[in-house]
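**Student:** The sequence and its predicted three-dimensional model are supplied below.
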Amino acid sequence: MRTFVFAYGCTFVIAVWFANSLWRIISAPVVPMLMQHPIGDIAPMDAFQVIWVKSPALVALFASSPVLFWQMWRWLSPRVPQESRRWAAAFVIGNSLTFLGGGCLGWLFLRSSLSTGLK
């Protein structure tokens, strides 16, 4: 678990370093909608929390997911029969690709619904 925490921490620091670029990518589909229907901040810290904490945390979770799945496999492997342990690479790669693919698919659905939602 320490390895995952370390990997998550490193990817979080890198994501915070690129927080402005991440925010431009995340907010791109919403900006045209907000130009037509402006909203106000709920609290003064909302922009800070979303741009500098929540977005990098989510990106770090997705970026460090292969390490998490590898740690899960290392925890499960003593309980798996010897002939089934050869599936370790398939488990880690398959779960990581499925997790990342689900996140990308969710982003594409959200992006398309935001761009066509309030027209």
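**Tutor:** Perfect, I can see it now. Small disclaimer: the values here were computed from a predicted structure and weren't measured. Residues are numbered from 1 along each chain as shown.
**Student:** what about the residue nearest to Leu22 when sequence neighbours are not counted, neighbour count?
**Tutor:** Closest residue to Leu22 apart from its sequence neighbours, by C-beta to C-beta, 6 or more residues apart in numbering: Ser55 at 5.3 Å. Just so you know, the C-beta spots here come from the backbone N, C-alpha and C atoms, and that holds for glycine as well. Neighbour count of Ser55, defined by other C-beta atoms under 10 Å: 20.
**Student:** What residues does Ser55 make contact with?
**Tutor:** Ser55 makes contacts with 15, 19, 22-23, 26, as judged by C-beta atoms under 8 Å, 6 or more residues apart in numbering.
**Student:** quick one: which of these is nearest Arg79?
**Tutor:** Nearest to Arg79, judged by C-beta to C-beta, of the contacts of Ser55 is Ala15 at 33.7 Å.
**Student:** show me what contacts the closest one?
**Tutor:** Ala15 makes contacts with 22, 55-57, 59-60, 63, as judged by C-beta under 8 Å, 6+ apart.
**Student:** Can you flag which of these belong to helices?
**Tutor:** 22, 55-57, 59-60, 63 (DSSP state H).
**Student:** from those, which would you call buried?
**Tutor:** Among these, those classed as buried by 16 or more other C-beta atoms under 10 Å are 22, 55-56, 59-60, 63.
**Student:** residue ranges with poor pLDDT in the protein?
**Tutor:** Of all residues in the chain, those with pLDDT under 70 make up the ranges 41, 115-119.
**Student:** Show me the helices in it, by range?
**Tutor:** Applying DSSP H to the chain gives helices spanning 2-17, 19-27, 31-36, 46-48, 55-63, 65-76, 88-117.
**Student:** which helices and strands does the fourth one pack with?
**Tutor:** Contact analysis of helix 46-48 by 3 or more C-beta pairs under 8 Å, 6 or more residues apart in numbering; DSSP states H and E lists no helix or strand as a packing neighbour.
**Student:** so how far is it from its chain's centroid?
**Tutor:** 19 Å (C-alpha atoms, centre = their mean, to the nearest Å).
**Student:** What residues of it count as buried?
**Tutor:** Of the residues in helix 46-48, none is buried (16+ other C-beta under 10 Å).
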